[in-house]
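Engineer: What shape does this take:
(one chain, ligands or ions: 1)
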Amino acid sequence: MIDVRSIQADEGELLREVRLAALKSAPAAFLETYDEVAADPADVWAARAAASTGEGDQLIMVALDEGRPVGMAGIAREIGQRRRHRATLWGVWLDPAHRGRGVGRQLVSTALDWARVREVRAVYLEVVENEDPSWSLYGRLGFVRREVDPFGAHVDGHDVALEHLVLVL
Ligand SMILES: CC(C)(COP(=O)(O)OP(=O)(O)OC[C@H]1O[C@@H](n2cnc3c(N)ncnc32)[C@H](O)[C@@H]1OP(=O)(O)O)[C@@H](O)C(=O)NCCC(=O)NCCS
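Structural biologist: Predicted structure coming up:
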C-alpha cells in the first residue's frame, strides 16, 4: 500500500533520500545532478523540508511504501502580487518498481489540487523532449506543449532539448 502525502517540516533526511534516489535512478530526466545535490549539508535539507509542507508557497508530495520513500513531486508557487497566479512543477519521480499503477498521477494531481486551492492559474514545467512516460502523464492531466528550447540543458558535451509545458487550471 503506497501512502501519498506532503513532506513534514522535520523530514529533511527523508527528502534527501527520495531526491537522491530520483537523481540516481533517472539522471536524464532532471536538470540537477546527483553529485551537485548530494553535496548539500543536512541543514539545507532540513530547511527545504520545512519550506515545502504546503503551508507557504511550496509543496513536496512524497510516496511512501511502508515508510520508505519511493516517489515525489514538487510544486512552487511564485511570489509577489503580480506573479502569484503561476507555479512550477518539478522533480516528479516514481521508483521503477512502483510505476504504472497511478501513483505518479496521484502525486501530480495532489500537487495541482494544492495549487488550485491557492488560485494558481497556470502551472509550468520543463521536460526532456520525447520522454514518453512523462508526456503520457502530463498530457493526460491537460498540460499542453508551448515550445521546445533546443539548448535547455547541456549533458556530456551535448545539447538536450527541453519541452516547456503549461497547464491552465
Ligand atoms: C513519469 C513517471 C513519474 C510516471 O509515474 P507512474 O506512476 O508510472 O505513472 P502513472 O502510473 O500514474 O501513469 C500516469 C499516466 O501516464 C501513463 N504512463 C505511465 N507510464 C507510461 C509509460 N511508460 N508509457 C506510456 N504511458 C505511461 C499511464 O497510462 C497513465 O495514464 P492513464 O491514467 O490515463 O492510464 C515515472 O515514469 C518516472 O518517474 N519517470 C522517470 C522520471 C521522469 O521522467 N520524471 C518526469 C520529469 S519532468
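Engineer: Helices along this protein, start to end?
Structural biologist: Here the chain has its helices, by DSSP state H, at 12-25, 34-38, 42-51, 103-117, 132-140.
Engineer: and the gap between residue 96 and residue 29?
Structural biologist: In this view, residue 96 and residue 29 are 12 Å apart by C-beta to C-beta, to the nearest Å. C-beta coordinates here come from the backbone N, C-alpha and C atoms, glycine included.
Engineer: Of the two, give the one with the bigger neighbour count.
Structural biologist: Between residue 96 and residue 29, residue 29 has the larger neighbour count (other C-beta atoms under 10 Å), namely 16 against 10.
Engineer: Next up, the contacts around the more buried one.
Structural biologist: 22, 93, 127, 128, 131, 134 (C-beta atoms under 8 Å, 6 or more residues apart in numbering).
Engineer: Nearest to residue 48, out of those: which one, please.
Structural biologist: For those, the residue nearest residue 48 by C-beta to C-beta is residue 22; the value is 13.9 Å.
Engineer: Read off the pLDDT value for that closest one.
Structural biologist: On pLDDT, residue 22 comes in at 97.
Engineer: pretty sure it contacts residue 91?
Structural biologist: Yes: Residue 22 is within contact range of residue 91, at 6.6 Å (criterion: C-beta atoms under 8 Å).
Engineer: That'll do, ta.
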